Each structure stands twice: as C-alpha cells, then as structure tokens.
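# Quick one: sequence and predicted model below, then my questions.
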Amino acid sequence: MTTLLTIHSSLFGDAGQSSRLVDQFADLWQRREPHAVLIRRNFAREPVPHLTAERFQAFLKAPAQRSEHESAIVAYSDRLIDELRQADVIALGLPMYNFGVPSTVRAYFDHIARAGVTFRYTDQGPEGLLKGKKLFVFSTRGGKHAGTPSDTETDYVKQFFHFLGIDDLTFVYAEGLASGDPQKLEALGEAAIRIESLIEPQPLAA
C-alpha cells in the first residue's frame with residue numbers, strides 16, 4: 001500500500017490548472033492503487049505562513065526552551081514534514097507567477113527545510129533525510145519557458161528537493177495557457193496524455 005501526497009499551490013485552489021493536473025494524476029493513481037492512502041494539502045484553503053524571525057528562532061530552540069506559542073509553530077512545521085515522511089509519492093501543482101514559484105510554495109519550503117530534521121550537515125556536505133520518494137511536478141505557465149533562461153522554477157525545485165534527499169523527479173509542463181484557447185487546450189491535452197503515460201491504470205475489478 002502506497003501513500004500519495006497531493007499539493008495544490010494555485011491561487012485558485014482546486015480550480016487552478018495545475019491543481020486539475022494533480023487531480024488527474026491522483027485519480028489515475030488511485031485506480032491503479034485502489035488501497036493507496038491519499039493526503040491532500042491545499043495552500044489556497046490553508047496558506048502556509050511566511051517565515052519570520054520568530055518562526056525561525058522557534059525552529060532553532062531546544063524543545064524545553066520553547067514557549068507555548070513557539071511549540072505550536074514547530075508543531076505546524078512538524079505536521080508538514082510528517083506528511084512528506086509518510087508519502088511514497090508526491091504530486092505538486094506548480095503554476096508560475098511573475099516568473100517564479102507561488103509565494104506559498106516558498107513559504108512551504110521554508111517550513112520543511114529544517115536542519116537535523118529533513119537534512120543534516122556532514123563532513124562530506126549536507127545530506128537529505130527524505131530519501132526513497134518519487135516527486136511529480138505539474139507545472140503550468142501562461143507563456144512558454146521550459147528549456148529557456150526564463151524558467152526559474154525547474155532547477156530551483158530540483159535543487160531544493162535534492163537537498164532534502166528527493167532525487168527522483170518528473171516534470172509535466174502545460175505552457176502557453178495565456179496564448180488563446182486553441183493553445184491552451186492543446187497544452188492541457190498534451191499534459192493529460194503525458195500523465196496517462198506515467199500511470200497505466202489497472203482495470204477495476206468487475
């Protein structure tokens with residue numbers, strides 16, 4: 001039995017194009033793995049707070065030294081990390097806003113990258129502690145950026161998750177969504193075909 005974590009980061013929640021691609025993936029995954037556990041996180045419904053000095057200091061303090069409020073801050077971060085630990089597969093919806101990742105994604109990254117928890121420093125350099133997971137990234141853009149200098153997301157996301165020990169990444173792009181309905185439909189259709197090629201759903205029992 002596998003556990004799938006889906007992350008919606010679109011401002012439009014479930015209605016966002018990246019969220020819809022994640023949901024298509026999750027539906028096919030559950031058809032193939034009918035007993036899979038599904039964990040859902042939606043930043044439009046539950047935005048991740050941006051990192052502040054107070055939150056960062058709470059992460060650094062020993063548990064016995066934290067105030068009640070600081071303990072609650074760390075507990076929130078721990079919940080996000082526990083979701084990742086439980087997941088065998090992660091499906092991240094990633095729109096591009098103003099040539100970058102959504103601010104809630106950056107805030108999420110700031111809450112799950114914790115020394116001694118999701119990575120550690122060694123004599124050989126940093127070591128990620130979230131190994132053995134598969135990450136699928138569903139990247140939607142109004143323009144066309146993949147493979148060009150304006151694609152600031154792909155390498156950044158790869159580097160970040162590699163830092164945490166997650167090296168098995170697959171990107172599915174749907175680009176040119178702001179270039180009119182024909183281009184939009186074509187891009188989303190190609191992404192749907194790509195998703196189907198990634199997951200061959202098994203027929204349901206009669």
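In hand now; what should we look at? Fair warning: this is a prediction, and the values are worked out from it, not measured in the lab.

# Break down this protein into its helices, ranges please.
17-32, 53-60, 68-86, 103-112, 154-163, 181-198 (DSSP state H).

# Select, out of the ones you listed, the one closest to residue 46.
helix 103-112 (9.4 Å; Cβ to Cβ). (Each C-beta comes from the backbone N, C-alpha and C, glycine too.)

# if you average pLDDT over that closest one, what comes out?
pLDDT averaged over helix 103-112 equals 97, rounded to a whole number.

# circling back to that earlier point, make JSON lines out of the helices of the chain and add mean neighbour count and distance to residue 175.
Output for these, formatted as JSON lines (neighbours: other Cβ atoms under 10 Å; distance: least, Cβ to Cβ, whole Å):
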{"stretch": "helix 17-32", "mean neighbour count": "20", "distance to residue 175": "11"}
{"stretch": "helix 53-60", "mean neighbour count": "14", "distance to residue 175": "34"}
{"stretch": "helix 68-86", "mean neighbour count": "15", "distance to residue 175": "27"}
{"stretch": "helix 103-112", "mean neighbour count": "19", "distance to residue 175": "18"}
{"stretch": "helix 154-163", "mean neighbour count": "16", "distance to residue 175": "12"}
{"stretch": "helix 181-198", "mean neighbour count": "14", "distance to residue 175": "6"}
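
# could you dump those helices to TSV with distance to residue 132?
Listed next are these as TSV, based on distance: least, Cβ to Cβ, whole Å:
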stretch	distance to residue 132
helix 17-32	17
helix 53-60	24
helix 68-86	11
helix 103-112	16
helix 154-163	13
helix 181-198	19
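
# looking at those helices, which is closest to residue 125?
By Cβ to Cβ (comparing all of these), the closest turns out to be helix 154-163, at 10.3 Å.

# And the contacts of the closest one?
92, 94, 101, 109, 113, 119, 126, 128, 135, 137, 139, 146, 167, 169, 171 (Cβ atoms under 8 Å, 6 or more residues apart in numbering).

# Can I get the buried part of those as one ChimeraX selection?
Buried residues among these (16 or more other Cβ atoms under 10 Å), as a ChimeraX selection:
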select :92,94,101,109,113,119,128,135,137,139,169,171
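
# And the contacts of helix 154-163, which is closest to residue 72?
residue 113 (19.5 Å).
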